[in-house]
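*Asks:* predicted model and sequence follow; I will ask about them next.
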Amino acid sequence: MFYRVLYFFAFFTALSSCSKKEKEPQSIDIQEDLANDLIHETSPYLLQHAYNPVDWKAWSTESLELAKEENKLVVISIGYSACHWCHVMEEESFENDAVAALMNDNFISIKVDREERPDVDKIYMDAVQLMTGKGGWPLNCITLPDGRPVFGGTYFTKSQWAKVLIEMSDLYKNDPEKVIAYADRLTEGMKNKDLITVNKEAVAFNTESLNSIVNLWKPSLDLVHGGQEGAPKFPMPNQLNFLLRYSVQNNDNELQKHVENTLIKMANGGIYDQVGGGFSRYTVDEEWHIPHFEKMLYDNAQLVSLYSHAYQLTGNAYFKKIIDETLDFVNSELTQKEGAFYSSINADSKTNSGVLKEGAFYIWTKKELETVIGADMELFSFYYNINEARKWEDDRYILYKTKSDVAFLKEFGLTQQQLDVLVRDWKSKLDTYRKDRERPSTDDKVLTSWNALMLKSYVDAYRVLGNKEYLDRAIKSAEFIKDNQLNKDGSLFHNYKEGRSTIEGFSEDYAHTINAFITLYQATLNEEWLHTANDLMDYAMIHFYDTNSGMFYFTSDQHTNLITRKTEVVDNVISSSNSVLAIALFQLGYYYSNTDYVEISERMLSNVHNDMKRAPAAYSNWLQLYLNYSNPYYEVAISGSNAIRKLKELDSHYLPNILIAGAMVDSDLPILKNRFNINDTYIYVCVDGSCKLPVTDTKSAVGQLLK
């Protein structure tokens, strides 16, 4: 039966198992005419497939039109450059001449970089999940010539994939009506999957209701190792950011300790590169020990922001160290000269014997460590768990701390200063040794949304650490986005590579750029960034906003070659575009006295209210907005020649429930209008436009905020 065929072949890997297989560079005698159409693309992932015998096309209207002209089914294969099983399937199937012949004779084959085209990925991921209940990458869908899916799965062995190709091709040739009928039903299901239930009833956003939501979440927290219970374990910065803020505003000491414990355990773990800094994407175990070694820009950006907020609250010097080390890693490994940031670093690289292996750059044999560390090896082994119990595989180790420095100092009779000297020396030696290894490759495409996250993280780090270099990098990044990714008509590009901006921006690009520019304004009081954020929101309202659902589509009304428009509301590793836009509407509404924006923001939150009660962790960034309504929320306006100095004084406090505005001169911004005094700098603490008596010292202002 057709449906049994669908389910039988839907094989899936565990939650997005990813890394990358390095491609040997093509020799100079290979001519361009031996390549497929992907040779003209800029995506590293697509270029890796340019010399496959499969006649790959890039995603485009023209590719789908060709399928219609030839009346062929379409293979849509989606992955990204750091995806391990994507490259396994490439080596087994897409580089195989016999499999390629099956694809070329019977299908139009389209290869998609999911990071370049998250819009396409969302559509076909939904299709696979509807068919099978699971998803992951590589994502392989077979569709009708018009792009409507009829079959899907993730990784297939060569024999499985060949059988799928033969049976689907024969079915379409012999009984096309059955295939078309299934496509009709599946496409209708995909359209219904994202339908937003508009909540027309008034919602009371109060602490009692919020407490009940958080109490539903608490049992799933791992209070021993941190994060969520179970494995694999992903850092979820938006979840931890909310829990940190909630714990402070609601005096929940247990939750605050959970967040702090999570941050310490991650920083001690193998998920954090103990030599070079920076976080890997996730660990396969519950103790943050064994990572999947790819390093993503978005993880490191959001984690810098999270550690910055935690340092602002606790003053824990360890958090400051992790911020600085991670930003050093980003600056040296993921930053290009124009101030933009690359997307990721591969998990795989070659061993000394030339074998491609996941984590080869980061793992150590005991013999290597003994050679590099020398006389300190015994002490080093205790500090980083170089022992039989913590061995990974094949006598290889991942540096991993299980004791706090305080406990270690007590056990070995060292001072903190002595230990700091030792650790710096160990890291320096290991880093020098590691430089002789072949480095993992870098996916050097630039994505607007991820760059905005990194921009924001530099601002967050600057505001709590006061390092002017971090602010300079943030401004350089913002100028890059404004100069290269922002069009004259107010739209954004999504992608940048080799001097060329491409692909119409998605709601995620607008959401995170608006958020980053608002944050940059709050650190610099340069209204250019706030006005640009407001202009971007105006554009998003025109081209992305759905007046029926009260939410934003993922794609603009300029996109025309997709079978449906998706609406992203669930907060995953990166907060959903709708939750970020809802918070930005709330903020911009107060900055510009735009009541429409404030009302839209509240309606959006109302629409997901019932969903967040069922699955709180999936709506953690929405819950940040919830806190703005359930707990005290203040507008803080600083006006006068010393506004920057007073702002820096405020930034020494963890105050997540304030909206900061400021100017050193008279400003026409509604929130600052008529508040400038040439003789002194005043701080106004207000709620919904109703202000307490202005004060001139930050201590008094903080006192008003904490009452």
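*Replies:* Okay, I see it. Numbering: from 1, shown residues only.
*Asks:* how many residues are close by Ser159?
*Replies:* Ser159: 11 surrounding residues under other C-beta atoms under 10 Å. Backbone N, C-alpha and C define where each C-beta goes, glycine included.
*Asks:* in which helix or strand does it reside?
*Replies:* helix 158-174 (DSSP states H and E).
*Asks:* send the alpha carbons of that helix over as PDB?
*Replies:* Taking C-alpha atoms only, helix 158-174 is exported to PDB below (Å, rounded to 0.1, in the frame of the first residue of the first chain):
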ATOM      1  CA  LYS A 158      22.100   3.700  -0.600                       C
ATOM      2  CA  SER A 159      19.900   0.600  -1.100                       C
ATOM      3  CA  GLN A 160      17.000   2.200   0.700                       C
ATOM      4  CA  TRP A 161      17.300   5.400  -1.300                       C
ATOM      5  CA  ALA A 162      17.500   3.600  -4.600                       C
ATOM      6  CA  LYS A 163      14.400   1.600  -3.700                       C
ATOM      7  CA  VAL A 164      12.500   4.700  -2.800                       C
ATOM      8  CA  LEU A 165      13.500   6.400  -6.100                       C
ATOM      9  CA  ILE A 166      12.400   3.400  -8.200                       C
ATOM     10  CA  GLU A 167       9.100   2.800  -6.400                       C
ATOM     11  CA  MET A 168       8.100   6.500  -6.300                       C
ATOM     12  CA  SER A 169       9.000   7.000  -9.900                       C
ATOM     13  CA  ASP A 170       7.000   3.900 -11.000                       C
ATOM     14  CA  LEU A 171       4.000   4.900  -8.800                       C
ATOM     15  CA  TYR A 172       3.900   8.400 -10.400                       C
ATOM     16  CA  LYS A 173       4.100   7.000 -13.900                       C
ATOM     17  CA  ASN A 174       1.500   4.200 -13.400                       C
END
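*Asks:* mind listing residues that contact it?
*Replies:* Outside helix 158-174, the residues that touch it by C-beta atoms under 8 Å, 6 or more residues apart in numbering are 2, 5, 9, 11, 73, 75, 89, 92-93, 96, 98-99, 102-103, 106-107, 140, 142, 150-151, 153, 156, 178-179.
*Asks:* pretty sure Gln239 is touching Ala618, no?
*Replies:* No. Counting by C-beta atoms under 8 Å, Gln239 stays clear of Ala618, with 9.2 Å between them.
*Asks:* show me whatever sits in contact with both of the two.
*Replies:* Joint contacts of Gln239 and Ala618 (C-beta under 8 Å, 6+ apart) are Asp571.
*Asks:* okay, these two: which has more neighbours?
*Replies:* Of the pair Gln239 and Ala618, Gln239 is the one with more neighbours under other C-beta under 10 Å, namely 27 against 18.
*Asks:* what sits closest to the more buried one if chain neighbours are left out?
*Replies:* In space, and not counting its chain neighbours, Gln239 is closest to Ser620: 4.3 Å by C-beta to C-beta, 6 or more residues apart in numbering.
*Asks:* and that neighbour, how far is that from Ser220?
*Replies:* Plainly put, Ser620 is 12 Å away from Ser220 if you go by C-beta to C-beta, to the nearest Å.
*Asks:* surely Ala35 and Ala50 touch.
*Replies:* Yes. With contact defined as C-beta under 8 Å, Ala35 reaches Ala50; the gap is 4.6 Å.
*Asks:* residues near the residue nearest to Gln239, how many?
*Replies:* Counted with other C-beta under 10 Å, residues neighbouring Ser620 total 25.
*Asks:* sec struct for it, please.
*Replies:* helix (DSSP: H, G, I helix; E, B strand; the rest coil).
*Asks:* distance check, it against Asn251.
*Replies:* 20 Å.
*Asks:* got a pLDDT number for the closest residue to Thr555 other than its chain neighbours?
*Replies:* Of all residues not flanking Thr555 in the chain, Asp119 sits nearest, at 5.0 Å (C-beta to C-beta, 6+ apart). Note on Asp119: pLDDT of 95.
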